[in-house]
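Asks: sequence and predicted model, in that order:
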2 protein chains.
Amino acid sequence: MVGMETHFETIHTKDTSLPEQTAEQISKLIVEQRLTSKDKLPSEFELAELLHVGRGTVREGVKLLVARNVLEIRRGKGTYIAQNPGEIPDPLGFAYYPDQLRLAMDLVEIRGQMEPWVARTAAERADSESLKVLREACSVVEQDILAQRDHSQSDVRFHVAIAECTHNLVVPKLIPIITYAIELFVSLTEGRLKTETLVGHRELLDAICDKDGERAANAMKQHIEHNRAMLAGCMKELRE
Amino acid sequence: MVGMETHFETIHTKDTSLPEQTAEQISKLIVEQRLTSKDKLPSEFELAELLHVGRGTVREGVKLLVARNVLEIRRGKGTYIAQNPGEIPDPLGFAYYPDQLRLAMDLVEIRGQMEPWVARTAAERADSESLKVLREACSVVEQDILAQRDHSQSDVRFHVAIAECTHNLVVPKLIPIITYAIELFVSLTEGRLKTETLVGHRELLDAICDKDGERAANAMKQHIEHNRAMLAGCMKELRE
């Protein structure tokens, strides 16, 4: 910890609370020291010294960062940097949107625009490693559907695996956001899409494995258009 | 609060901590009761009764939801539902990515794919209200640039205003994510893009006001391609 003092200003009174400012300073420390999930956070005592605040304030600041998944407490081991620091489930707060059906329709519009490009880029850039992961993800969805288990989560995972084939850092992070409505969707359509999902996913997988960008983009377009039409039908039924 | 008891299960011991489970139950209450930023959260006492936990646990659960911007404490008024519950700045934790330049390049790739479509859709769907907001946002960027102020934030706001013209609920929420690197970008290019920004933004604004989707998409494509080329140039310089 020697020499770190120079990087961090003493905390002064600002608009935000002292624990919030402390959280900001700790977050800055993580970024500047390039700490990763292998690294333990310095002790409360060290942080208090470094940031010139009390240990109680450090504790509150740490709690804020745990709540935001920047830090994680490992039982019996102490406080560490989280695996994917700062990434939280439902990061845009979709659960609080009053009109979940409209949200689902707006998400499917974005998917229809975005995911054909993702599939094309995946086909163009996939390597053997990412294809192996994609094949496995495809099998898991199939097993879930055939065993009559809910396949919402494995379905999202399959679309994330396609996104990972692009080797773009951010695309795989956007997929869970834009596929947020899949769970609602699976329950609304009461599994009427299972056959289409099985066939559609296989087509996607084959096109990407064949490195055929055009075919992959078209397969994705069709897959999402089918979903969109089904969702629109369900909404119409619900409103009648 | 009468009749609410039936919706919420008593908290049992699970993998997650008691405050975390309490936070989940409070969040469920907000969703099911459709509480909004106009609504005050029930008192600690009421929540403790309802969820069959101690007031200290309620307090910890509330803190978690404040940290995640689901709740907010209004001074002298009490605890309320936040304005955009569950929405946090930097929701994907980009600040913690070790390679910020690669992140910027990957983001610009997504922008190049996504934003021309956003501009086209904005031109097709904008109403007079959203156009008014867009015109104002365009002026603010111009004022910032002409006054030599940092225009990173007003630039993001302009792109969000375009997204709002689409009337898709989610598109405006994605723009701050994919434009995350603008600040880094503005500092890297040391303002070499100011003229292009002024001209590019005006072209975009005019095309959208003219409801010319094709021209808007092309203007956006050019705007982002210009940014991408400049960023690639800066990266090359940095690595030499």
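Replies: Alright, I've got the coordinates.
Asks: how about residues contacting stretch A:146-156?
Replies: The contact list for stretch A:146-156, computed with C-beta atoms under 8 Å, 6 or more residues apart in numbering or on different chains, reads A:137, A:140-141, A:143-145, A:175-176, A:179, A:182-183, A:186, A:197. (C-beta placed from N, C-alpha, C; glycine too.)
Asks: neighbours around A:Asp106, how many?
Replies: Using other C-beta atoms under 10 Å in any protein chain shown, the number of residues around A:Asp106 comes to 20.
Asks: wait, it touches B:Pro172, no?
Replies: No: when contacts are counted by C-beta atoms under 8 Å, A:Asp106 is not listed as touching B:Pro172 (10.5 Å).
Asks: what helices or strands is the strand or helix carrying A:Pro176 leaning on?
Replies: If you go by DSSP states H and E, A:Pro176 is part of helix A:171-178. On a contact count with 3 or more C-beta pairs under 8 Å, 6 or more residues apart in numbering or on different chains; DSSP states H and E, helix A:171-178 meets helix A:100-125, helix A:152-164, helix B:100-125, helix B:171-178.
Asks: that helix relative to helix B:171-178, how many degrees between them?
Replies: Here the directions of helix A:171-178 and helix B:171-178 differ by 160 degrees (axes from the mean of the first three to the mean of the last three C-alpha atoms, to 10 degrees).
Asks: quick one: secondary structure of A:Glu72?
Replies: Here A:Glu72 is recorded as strand under DSSP: H, G, I helix; E, B strand; the rest coil.
Asks: which among the contacts of stretch A:146-156 gets closest to A:Pro98?
Replies: Proximity of those to A:Pro98 (C-beta to C-beta) peaks at A:Glu183, which lies at 17.6 Å.
Asks: burial of the closest one, as a residue count?
Replies: By other C-beta under 10 Å, 15 other residues sit near A:Glu183.
Asks: buried stuff in the lowest-mean-pLDDT helix or strand in chain A?
Replies: Using mean pLDDT, DSSP states H and E, helix A:182-188 stands out as the lowest-scoring helix or strand of chain A, at a mean of 78. Within helix A:182-188, the residues that count as buried by 16 or more other C-beta atoms under 10 Å in any protein chain shown are A:Ile182, A:Leu184, A:Phe185, A:Val186, A:Leu188.
Asks: same question, stretch A:202-215
Replies: A:Glu203, A:Leu204, A:Leu205, A:Ala207, A:Ile208, A:Cys209, A:Asp212, A:Gly213, A:Arg215.
Asks: what's the angle between the host helix or strand of the fifth one and helix A:100-125?
Replies: With the criterion set as DSSP H and E, the secondary-structure element containing A:Ile208 is helix A:194-209. Note on geometry: by the same axes, to 10 degrees, helix A:194-209 and helix A:100-125 are set 30 degrees apart in direction.
Asks: now for the following helix or strand past helix A:194-209, which elements pack on it?
Replies: The helix or strand immediately downstream of helix A:194-209 is helix A:213-239, counting by DSSP H and E. Secondary-structure packing of helix A:213-239 (3+ C-beta pairs under 8 Å, 6+ apart): helix A:100-125, helix A:182-188, helix A:194-209.
Asks: dump these to JSON lines, plus distance to B:Gly112.
Replies: Below are those laid out as JSON lines (distance: least, C-beta to C-beta, whole Å):
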{"stretch": "helix A:100-125", "distance to B:Gly112": "10"}
{"stretch": "helix A:182-188", "distance to B:Gly112": "27"}
{"stretch": "helix A:194-209", "distance to B:Gly112": "21"}
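Asks: right, so of those helices, which gets closest to B:Pro85?
Replies: helix A:100-125 (13.9 Å).
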